[in-house]
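1. sequence first, then the predicted structure:
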Amino acid sequence: MKTTTLPPLRVSPELRASAEAVLAEGETLSAFVLDAVSRSIEQRRAQQAFIARGLASRAKAKRTGQYVSADAVIRKLRSRLEKAKRAARG
């Protein structure tokens, strides 16, 4: 697989110093930037998928006329949270 480069970035000396200040031992600034870009891509993909699921759910509710009350959603979320807490305890 061929590799390519990202465009060079002009940043303030303060931003560069801040980035260098948080590098892990042995980590390069290039590796840090690559990790940050990769994480941002994944976060944005997850956000886009979340929005798409929400829009699809809204469309289905409008089409079918079947809606779930906020109280029912809160109860379900609380139930999931309690199950997760129990599972984490042992």
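-> Looks like it arrived, so ask away.
2. show me what contacts the spatially most central residue of the chain?
-> For the chain, residue 43 is the residue whose C-alpha lies nearest the centre (CA atoms, centre = their mean; 3.2 Å). Contact analysis of residue 43 by CB atoms under 8 Å, 6 or more residues apart in numbering lists nothing. Heads up, the C-betas are built off the backbone N, CA and C, glycines and all.
3. next helix or strand past the lengthiest helix in the chain?
-> Assignment by DSSP state H gives helix 29-64 as the longest helix of the chain. As assigned by DSSP states H and E, the chain's next helix or strand after helix 29-64 is helix 70-89.
4. alpha carbons only: can I get that following helix in PDB?
-> C-alpha atoms of helix 70-89 as PDB (Å, rounded to 0.1, in the frame of the first residue of the first chain):
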ATOM      1  CA  ALA A  70     -39.800  10.300  27.000                       C
ATOM      2  CA  ASP A  71     -40.700   8.600  30.300                       C
ATOM      3  CA  ALA A  72     -40.500   5.200  28.700                       C
ATOM      4  CA  VAL A  73     -37.100   6.000  27.200                       C
ATOM      5  CA  ILE A  74     -35.800   7.200  30.600                       C
ATOM      6  CA  ARG A  75     -37.100   4.100  32.300                       C
ATOM      7  CA  LYS A  76     -35.300   1.900  29.800                       C
ATOM      8  CA  LEU A  77     -32.100   3.800  30.100                       C
ATOM      9  CA  ARG A  78     -32.200   3.600  33.900                       C
ATOM     10  CA  SER A  79     -32.800  -0.100  33.700                       C
ATOM     11  CA  ARG A  80     -29.800  -0.500  31.400                       C
ATOM     12  CA  LEU A  81     -27.700   1.500  33.700                       C
ATOM     13  CA  GLU A  82     -28.600  -0.600  36.700                       C
ATOM     14  CA  LYS A  83     -27.900  -3.800  34.800                       C
ATOM     15  CA  ALA A  84     -24.500  -2.400  33.800                       C
ATOM     16  CA  LYS A  85     -23.700  -1.400  37.400                       C
ATOM     17  CA  ARG A  86     -24.600  -4.900  38.700                       C
ATOM     18  CA  ALA A  87     -22.500  -6.500  36.000                       C
ATOM     19  CA  ALA A  88     -19.500  -4.300  36.900                       C
ATOM     20  CA  ARG A  89     -19.800  -5.200  40.600                       C
END
